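predicted model follows, preceded by the sequence.
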Amino acid sequence: MRAPLRLPRASAFWLGMTAGWAAYGLILAREQYAYDHLAGRSVSPFLAYLGRAGLDVGMWLWATPLAVALARRFRNARARWIGPVALHLVFGVAIALATAAATYALLWLLAPPGPHLLATYLLFQLDPGVIVYAAIVALTHAVDFYRWYSDQQVAAATLQADLSEARLRILAAQLQPHFLFNTLNVIAELIHEDPERADGMIVRLGDLLRESMSGVEERGVTLEREVATLRAYVDIQQLRFRDRLHVSFDVAPEVREALVPHFLLQPLVENAIRHGGAGSAQPLHVAVVATAAEAAGRPRVHLQVADDGAGSGEWRESGGLGLRNVRARLAHLFDGDCAFALASRVPHGTVCDLWIPHVPVEPARGAPTGGGSAEREERAGRPS
């Protein structure tokens, strides 16, 4: 689609001014013609009235840029308005008399009416001329204020977008050190007790860090890639808890190419493991499910993280960094066009549900899979 044609401000000014004065001249000629006709005077051809109105309008056409320049040079202020008003009154009288005198001179060249009529003509044209000048000044102020207001709106919108983008970057940056510190603490605990398990966690941590620093686009990643990243994290946790942790994945084929925020699921699974009791003697089951849904007639992606931990209900009130981060990112990215819900399961456990807009990858641009997502999933699914 072609961009709309936009004239430069100077060209648009002259075009608009000419069109406005032409319309005014046509109205003026029509009114004078109708007045003479109703008054029973001899009526000249309409073209003659149009030519006379063209003389008046033509003088103001050239006086308008001067009036606009004076209006912008001497603006009214709330505290000091008497000075500018007085100056504009003087300017209005001067320009009204100058345009009337120039019009009279042209009329005298075409059909000399006699020099003794000059004073009468100037006095007759003074009031309308001052009113026209005042209208030009008022219109100039209105147009300038509208432009200023529009520029302020654009600047405010740009600033808001920049602030939102900066906050999203901060939120996304918080996840990496948050997860990294937690994982390093676990590795530090195991490095003397079980060096083999600690070594396996370091390998998986390297894979996960490479994924987190792979230049993810701001619009998000495919759900397939997000799940592959989550599998690498789950491998680390399974190396830590072994048979006490079981994580399953069920991703519907129709949503695998949907775009989701990167590292959206990892904080939810981390909270389920931490508060679900994976550190206790009882095994913990965590299910990650992604299906297609619809809300208000629009396609959605339904993401669910559910666990059966005895103490998992605590993380609904924990207000940890991961949960706060997820809520804040969703609020900024989708501006309320999403849903986030936490609920208890019977007899025990917690389920977290997310509904976000279903935005597929654009075919022309290609899916942001980062290359080799299937290989990463296969590698992530094999603990060392």
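Looks like it came in fine.

where do the strands sit along this protein?
Counting by DSSP state E, one finds strands in the chain at the ranges 221-222, 245-251, 259-260, 284-295, 298-307, 339-344, 350-357.

can you put these in JSON lines and add distance to Leu87?
From N, CA and C alone the C-beta is placed, and that goes for glycine too. Formatted as JSON lines, the strands of the chain follow (distance: least, C-beta to C-beta, whole Å):
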{"stretch": "strand 221-222", "distance to Leu87": "63"}
{"stretch": "strand 245-251", "distance to Leu87": "74"}
{"stretch": "strand 259-260", "distance to Leu87": "60"}
{"stretch": "strand 284-295", "distance to Leu87": "62"}
{"stretch": "strand 298-307", "distance to Leu87": "59"}
{"stretch": "strand 339-344", "distance to Leu87": "61"}
{"stretch": "strand 350-357", "distance to Leu87": "58"}
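
pLDDT value on Phe46, please?
Phe46 is assigned a pLDDT of 70 by the prediction.

from memory it sits against Leu26, does it?
No: Phe46 lies out of contact with Leu26 (C-beta atoms under 8 Å); the separation is 10.2 Å.

show me which of these two is the more surrounded one.
Leu26 (15 against 12; other C-beta atoms under 10 Å).

where are the low-confidence patches of the stretch 151-300 of the chain?
159-179, 182, 212-219, 278-280 (pLDDT under 70).

any idea how far Pro261 is from Phe340?
12 Å (C-beta to C-beta, to the nearest Å).

then Leu139?
Taken as C-beta to C-beta, the span from Leu139 to Pro261 is 49 Å.

show me the helices in the stretch 101-250 of the chain, by range?
For the stretch 101-250 of the chain, applying DSSP state H, counting those that start in this stretch gives helices covering 118-193, 195-212, 223-241.

just name the most buried of the ones you listed.
helix 223-241 (a mean of 23; mean count of other C-beta atoms under 10 Å).

now that one and strand 298-307, what's the angle there?
In terms of direction (axes from the mean of the first three to the mean of the last three C-alpha atoms, to 10 degrees), helix 223-241 departs from strand 298-307 by 0 degrees.

Leu122 touches Tyr104, doesn't it?
Yes: counting by C-beta under 8 Å, Leu122 touches Tyr104, with 7.3 Å between them.

re earlier: and the helices of the stretch 101-250 of the chain as CSV, adding distance to Leu330?
Listed next are the helices of the stretch 101-250 of the chain as CSV, based on distance: least, C-beta to C-beta, whole Å:
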stretch, distance to Leu330
helix 118-193, 10
helix 195-212, 19
helix 223-241, 14
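
closest one to Arg72 among the ones you listed?
Nearest of the helices of the stretch 101-250 of the chain to Arg72, taken as C-beta to C-beta: helix 118-193 at 6.5 Å.

helices or strands up against the closest one?
helix 46-73, helix 82-110, helix 195-212, helix 223-241, helix 266-276, helix 321-334 (3 or more C-beta pairs under 8 Å, 6 or more residues apart in numbering; DSSP states H and E).

repeat that with 10 Å
Judged by 3 or more C-beta pairs under 10 Å, 6 or more residues apart in numbering; DSSP states H and E, helix 118-193 is in contact with helix 9-38, helix 46-73, helix 82-110, helix 195-212, helix 223-241, helix 266-276, helix 321-334.

of all those helices, which lies closest to Glu362?
Closest among the helices and strands packed on helix 118-193, using C-beta to C-beta: helix 223-241, at 15.3 Å.

quick one: the closest one to strand 245-251, angle?
170 degrees.

domain ranges for this structure?
9-157, 194-380 (automatic domain parsing).

hey, which of these is tucked in deepest?
By mean count of other C-beta under 10 Å, the domains of the chain have domain 194-380 as the most buried, with a mean of 18.

what's the closest of the helices and strands packed on helix 118-193 to Gly309?
Here helix 266-276 is closest among the helices and strands packed on helix 118-193 (C-beta to C-beta), at 2.5 Å.

next one: the closest one to chain centre, how far?
33 Å (C-alpha atoms, centre = their mean, to the nearest Å).

now do stretch 326-333
16 Å.

try stretch 52-63
That offset, for stretch 52-63, works out to 45 Å (C-alpha atoms, centre = their mean).

need the contact partners of it.
Contacts to stretch 52-63, defined as C-beta atoms under 10 Å, 6 or more residues apart in numbering, come from residues 14, 17-18, 20-33, 44, 50, 67, 95-96, 98-107, 110, 125, 128-129, 132-133, 136.

can you rerun that using 8 Å?
17-18, 21-22, 24-26, 28-29, 32, 95, 98-100, 102-103, 106-107, 132 (C-beta atoms under 8 Å, 6 or more residues apart in numbering).

model confidence over it, on average?
The average pLDDT within stretch 52-63 is 75.

returning to that earlier point: quick one, which of the strands of the chain gets closest to Arg72.
Per C-beta to C-beta, nearest to Arg72 of the strands of the chain: strand 350-357, 46.9 Å.

which strands border that closest one, and is each parallel or antiparallel?
Here strand 350-357 is paired, per DSSP bridges, with strand 298-307 (antiparallel), strand 339-344 (antiparallel).
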